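Colleague: Return a 3D structure for these sequence lines:
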Amino acid sequence: MSIPQSGGGPIEHYDQLAEYLASGCKPKEDWRIGTEHEKFGYCADTLKPLPYDGPRSIKAILEGMREAFGWDPLYEGENIIGLQKDGANISLEPGGQLELSGAPLQTIHETCDEVNEHLRQVQTVADRIGARFIGLGAAPEWTHDQMPMMPKGRYKLMTDYMDRVGTHGKQMMYRTCTVQVNLDFSSEADMVQKLRVALALQPVATALFANSPFFEGKPNGHKSWRSRIWRDLDADRTGMLSFVFEDGFGFQRWVDYALDVPMYFVYRDGRYIDALGQSFRDFLKGELPALPGEKPTLSDWADHLTTLFPEARIKKYIEMRGADGGPWRRLCALPAFWVGLVYDQASLDAAWDLVKDWSPETREGLRVAASEQGLAADVSGIRMHDLAKEVLAIADAGLKARARAGAGGLVPDETHFLNALKETVESGLTPADELLLKYNHEWNKNLSCVYKEYSY
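Modeller: Numbering: from 1, shown residues only. Predicted coordinates:
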């Protein structure tokens, strides 16, 4: 989500930074599931990205959804840049990727209903203006110069900064899509165990959801080019975070990490103020060059936390961030995968037992190999295919233990949402493998076929 945060009032003492994170602790009965997913919009006839403005545009999509389905608009200046309704919001990524940040829901049945209704609404409006949307981890053909820039001050600042700190930052911003799930924790100890499992097993999610084997019109040599991009984006704010696995890790250690990450901006009176490369530590002392003499609010802290981009991160909840965007079945499968792993204590313990002895080198090696080889990866004797099978079995057991029924009680639990992943493990073929097979055979290397077959 890339809208300004509402974290609270002035920061009067340093302890408030960790207290902000700890305020997310909830009893198990209050745990919720928040699913986010992005998709690329394009013109149905030209197969080019939707511009922001015009009769066939991202703006027209947002205005159409407001008028047809009662969403409340969000503006930056005079530009509509998002929508909100019933605890959910729709926002824009830099290149016009349309993102649903779903409401916090109790079950994956509800999550999948929300996803289906959202895609129905988007398709209804898109059909009226000759637009389509497609779920892939990376734009298959479009170059950077073809991508529009959404009229958001945050993105202009980030774009100008990316080339200073890495080689792939603008590719991430403008030409990738992901699906994520946000999950709760009950205590600091629970957060620590869940975050460690989330980071260690994020490469398994990357492999199972790998769906970006094309870039700029040809195969790129990776199963998840989106994941590859994140490895050379900005070393200060990405990665597998080995310190999370060190003794004593907790909310305070995350605060220390976040304070070491250079700032992007400060949001004031509807505009983004350039604070690129400046220090939140200086901000706490009233010495931020962008706002001399002014001290931050908890809203500023909440905003800063959204500019950290590791494979999993904490705010008042944990975000699982390692999966490519994809078809609708996988939009429901991603929350099922992680809920099964971490919302049942026996499954969480089993997942931790699986990964607790891995070295930082093993975790990073799996991350790299997952992006390159998907389920065919093999790192230090760990075969990704076998690992994915074992992890999926743990997730399945966790969902059975939750026993959250759907369809008025006719469906006893949420395990069927894992079916797409079970099929992937059974066949050994990730979505990227399937795309490459089609490209090399059925499509006769005509990549434009992807739009017809893979759009929502």
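
Colleague: which residues in the stretch 101-250 of the chain form helices?
Modeller: 108-129, 153-165, 169-175, 188-208, 225-230 (DSSP state H, counting those that start in this stretch).

Colleague: Tell me the buried residues in the helix or strand harbouring residue 354?
Modeller: Here residue 354 sits within helix 345-355, counting by DSSP states H and E. For helix 345-355, the neighbour count (16 or more other CB atoms under 10 Å) marks 347-348, 350-352, 354-355 as buried. Bear in mind the C-beta positions are built from the backbone N, C-alpha and C, glycine included.

Colleague: Turn these into a markdown table, including distance to residue 185 and pLDDT.
Modeller: Converted to a markdown table, these look like this (distance: CB to CB, whole Å; pLDDT from 0 to 100):
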| residue | distance to residue 185 | pLDDT |
| --- | --- | --- |
| 347 | 15 | 98 |
| 348 | 11 | 98 |
| 350 | 18 | 98 |
| 351 | 15 | 98 |
| 352 | 14 | 98 |
| 354 | 20 | 98 |
| 355 | 18 | 98 |
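
Colleague: just curious, which of these is nearest to residue 395?
Modeller: Using CB to CB, residue 347 comes nearest to residue 395 of those, at 6.8 Å.

Colleague: Next, the residue nearest to that closest one when sequence neighbours are not counted: phi, psi?
Modeller: Spatial nearest neighbour of residue 347, excluding adjacent residues (CB to CB, 6 or more residues apart in numbering): residue 398 at 3.3 Å. With angles defined as degrees, to the nearest 10, residue 398 sits at phi -60, psi -40.

Colleague: Pretty sure residue 398 sits against residue 338.
Modeller: No - the pair residue 398 / residue 338 is not scored as a contact, 9.5 Å apart, by CB atoms under 8 Å.

Colleague: could I have stretch 139-156 exported to PDB, CA atoms only?
Modeller: Extracted in PDB, the C-alpha atoms of stretch 139-156 (Å, rounded to 0.1, in the frame of the first residue of the first chain):
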ATOM      1  CA  ALA A 139       5.700  -6.800 -17.500                       C
ATOM      2  CA  PRO A 140       6.400  -9.200 -20.300                       C
ATOM      3  CA  GLU A 141       7.200  -6.800 -23.100                       C
ATOM      4  CA  TRP A 142       7.000  -3.100 -22.100                       C
ATOM      5  CA  THR A 143      10.100  -1.000 -21.800                       C
ATOM      6  CA  HIS A 144      10.700   1.600 -19.100                       C
ATOM      7  CA  ASP A 145      10.000   4.400 -21.600                       C
ATOM      8  CA  GLN A 146       6.600   2.900 -22.400                       C
ATOM      9  CA  MET A 147       5.400   3.000 -18.700                       C
ATOM     10  CA  PRO A 148       3.400   5.900 -17.400                       C
ATOM     11  CA  MET A 149       4.200   7.600 -14.100                       C
ATOM     12  CA  MET A 150       1.300   7.900 -11.700                       C
ATOM     13  CA  PRO A 151       0.900  11.500 -10.400                       C
ATOM     14  CA  LYS A 152       2.100  10.800  -6.800                       C
ATOM     15  CA  GLY A 153       4.900  12.900  -5.200                       C
ATOM     16  CA  ARG A 154       6.300   9.800  -3.400                       C
ATOM     17  CA  TYR A 155       7.000   8.100  -6.700                       C
ATOM     18  CA  LYS A 156       8.800  11.000  -8.300                       C
END
